[in-house]
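K.L.:
after the sequence you'll find the predicted model.
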Amino acid sequence: MESEVKKPFLIGVAGGTASGKSTVCKRIIGKLGQAEVNDQQRQVVSISQDSFYRELTQEEKLRAQKGRFNFDHPDAFDEKLMYTTMKDILEGKKVTINSYDYRTNSICPNKTVTIYPADVVLFEGILVFYFPEIRELFHMKLFVDTDSDTRLARRVPRDINERGRDLDQVLNQYMLFVKPAFEEFCSPTKKFADVIIPRGADNTVAIDLIVHHINDILHPTASLNGLNGHSNVAIDLIVQHIRDFLSNRLSLDALTLSPTSTPALNGAAINGSRGKNIFFNGDPNYRPH
Ligand SMILES: Nc1ncnc2c1ncn2[C@@H]1O[C@H](COP(=O)(O)OP(=O)(O)O)[C@@H](O)[C@H]1O
Ligand SMILES: Nc1ccn([C@@H]2O[C@H](COP(=O)(O)O)[C@@H](O)[C@H]2O)c(=O)n1
């Protein structure tokens, strides 16, 4: 008998550099109890877009060493490889992806990672919503929206400690390429997100809502509300939030549905009891920042 093909629920996680995309993915995987599960058994896996940086020419490598190559431009990625890999994942195939080395600005030779078929696949990166063909593959799109000061303050120590850069190089690259490319290519893709997560992993309400949503996909029979995880993400999440809220017997006064949460749901916000906001982005013109 043929074994069952796992066709996963594919979630895109976009956001500026150091916004907390991979931390949000780790937090989601941890809360779903998947962090300690071995690679072959995992139901929820995360893949970084950085695995799809293309190999540089010799001349580009020399520029990259001086912080003068634009890694934030869409052309820095292998779009075709990204697309075919995501298609294969959606067909339930086992795929092999590259490991990327920021110190050498190139793909690690002889080091790949095998991604086994899973129920939920998170694909995170600065430009995962930029390429239309890839964008259309996602069942759910999240945008981690962290202000640029915070992102720069995180990026500087990270790049120095983990990516082998010096301060001048990090700041030059940021001013020359990272900041302008964020404005031109990444930030405009926020409008495609189903859910915008202000403050990334600090936003526990948002993470919990997303975890609930994924749990419903993983265990459909356990779902209290019988919602269809592939359809209206914003409404599903709001309904789940209200159900949780009521079942936890918290004070109803603490929950305020924004006036924008009309039946049309053109950009709804939940103001949680601890002042933590999650934006459900039904409105392409909606911009929290
Ligand atoms: N909520 C947070 N509070 C403090 N530091 C954070 C938070 N989220 C991420 N970081 C740190 O900021 C850096 C970038 O986070 P990361 O999740 O790798 O961002 P991205 O994947 O968007 O580049 C890492 O050093 C990480 O530990
Ligand atoms: N060789 C490279 C490749 C990428 N970068 C920078 O990484 C950023 C994307 O990764 P995040 O984890 O921050 O989302 C992007 O802004 C590139 O500038 C690099 O510096 N060197």
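P.N.:
Now that the structure is in, tell me what you want to look at. Ligands and ions are numbered 1, 2, ... in the order given.
K.L.:
now the residue of the stretch 151-289 of the chain found nearest ligand 2: how far from Thr57?
P.N.:
In the stretch 151-289 of the chain, no residue comes nearer to ligand 2 than Val178, which is 4.9 Å away by CB to the nearest ligand atom. In this view, the C-beta of every residue, glycine as well, is placed from N, C-alpha and C. Computed as CB to CB, to the nearest Å, the Val178 to Thr57 distance reads 21 Å.
K.L.:
which bits of the stretch 101-250 of the chain sit near ligand 2?
P.N.:
Residues of the stretch 101-250 of the chain lying near ligand 2 by CB under 6 Å from any ligand atom: Tyr102, Asn105, Ile126, Val178.
K.L.:
which two from those residues end up farthest apart in space?
P.N.:
Asn105 and Ile126 (15.8 Å; CB to CB).
K.L.:
phi, psi for Thr57 please.
P.N.:
phi -70, psi 170 (degrees, to the nearest 10).
K.L.:
who in the stretch 51-200 of the chain is up against ligand 1?
P.N.:
Contact residues, the stretch 51-200 of the chain versus ligand 1 (CB under 6 Å from any ligand atom): Arg154, Arg158, Gly200.
K.L.:
what's the neighbour count on the last one?
P.N.:
Meaning Gly200. 23 (other CB atoms under 10 Å).
K.L.:
next one: the second one
P.N.:
Using other CB under 10 Å, Arg158 has 15 neighbouring residues.
K.L.:
please apply the same query to the first one.
P.N.:
Taking other CB under 10 Å as the neighbour definition, Arg154 ends up with a count of 17.
K.L.:
so what pLDDT did it get?
P.N.:
At Arg154, the pLDDT value in this model is 98.
K.L.:
how close does Thr84 sit to Glu136?
P.N.:
14 Å.
K.L.:
neighbour count winner among the two?
P.N.:
Neighbour count, other CB under 10 Å: between Thr84 and Glu136, Thr84 has more, with 12 against 8.
K.L.:
and the pLDDT for that one?
P.N.:
98.
K.L.:
for Pro8, which non-adjacent residue is spatially closest?
P.N.:
Nearest non-adjacent residue to Pro8, counting by CB to CB, 6 or more residues apart in numbering: Val121, 4.7 Å away.
K.L.:
also Arg103?
P.N.:
Once flanking residues are discounted, Arg103 sits nearest to Gly164: 4.0 Å by CB to CB, 6+ apart.
K.L.:
what about the one you found, which SS state?
P.N.:
Judged by DSSP: H, G, I helix; E, B strand; the rest coil, the three-state class of Gly164 is coil.
K.L.:
for it, give me phi and psi.
P.N.:
According to degrees, to the nearest 10, Gly164 has phi 70, psi 30.
K.L.:
that one and Gly67 touch, don't they?
P.N.:
No. Assessed by CB atoms under 8 Å, Gly164 is found out of contact with Gly67, at 11.6 Å.
K.L.:
who has more neighbours, the two?
P.N.:
Neighbours were counted for Gly164 and for Gly67 using other CB under 10 Å; Gly67 has more, 19 against 13.
K.L.:
what helix or strand does the residue of the stretch 151-289 of the chain found nearest ligand 1 sit in?
P.N.:
At 3.6 Å from ligand 1, Arg154 is the closest residue in the stretch 151-289 of the chain, using CB to the nearest ligand atom. Using DSSP states H and E, Arg154 falls within helix 148-162.
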